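1. turn this into a model:
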Amino acid sequence: MITKLLFILTFIFGVIQLLTYTKLFGREINGFFETLYWGKIPFFLKWLDVIIFLMSLGYQINYWLL
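-> Numbers count the residues shown, from 1 in each chain. As a prediction, the model looks like this:
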């Protein structure tokens, strides 16, 4: 159950977030913390969003290649 949830979250905040940066979509998915907070988030949480994004991509690469 936890692996399925982890797969879903990393797919959304990794692969789909990366695809939304292309011109295929009209909107971008923000980082994990930017989706939780409505206001302007601190620099540390933006940095943490980038780390979560990179770890999500790493998890997806590991999942699909192994």
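2. centroid residue for this protein?
-> Closest to where the C-alpha atoms of the chain average out (C-alpha atoms, centre = their mean) is F13, at 1.9 Å.
3. that one contacts I51, doesn't it?
-> No. F13 is not in contact with I51 according to C-beta atoms under 8 Å; the separation is 11.0 Å. Every C-beta, even on glycine, is put in place using the N, C-alpha and C of the backbone.
4. spit out the residues that contact these two alike.
-> Taking C-beta atoms under 8 Å, 6 or more residues apart in numbering as the contact rule, F13 and I51 have no neighbour in common.
5. buried residues in the helix or strand of the chain with the lowest mean pLDDT?
-> Across the helices and strands of the chain, the lowest-confidence element by mean pLDDT, DSSP states H and E is helix 32-36, at a mean of 80. Neighbour counts using 16 or more other C-beta atoms under 10 Å place 32-33 of helix 32-36 among the buried residues.
6. cool, and stretch 16-34?
-> Under the neighbour-count criterion of 16+ other C-beta under 10 Å, stretch 16-34 has 17, 29-33 buried.
7. which strands and helices lie in contact with the longest helix along the chain?
-> Counting by DSSP state H, the longest helix found in the chain is helix 43-65. The contact analysis (3 or more C-beta pairs under 8 Å, 6 or more residues apart in numbering; DSSP states H and E) places helix 43-65 against helix 2-10, helix 17-20, helix 32-36.
8. having no further points to raise, I will conclude here.
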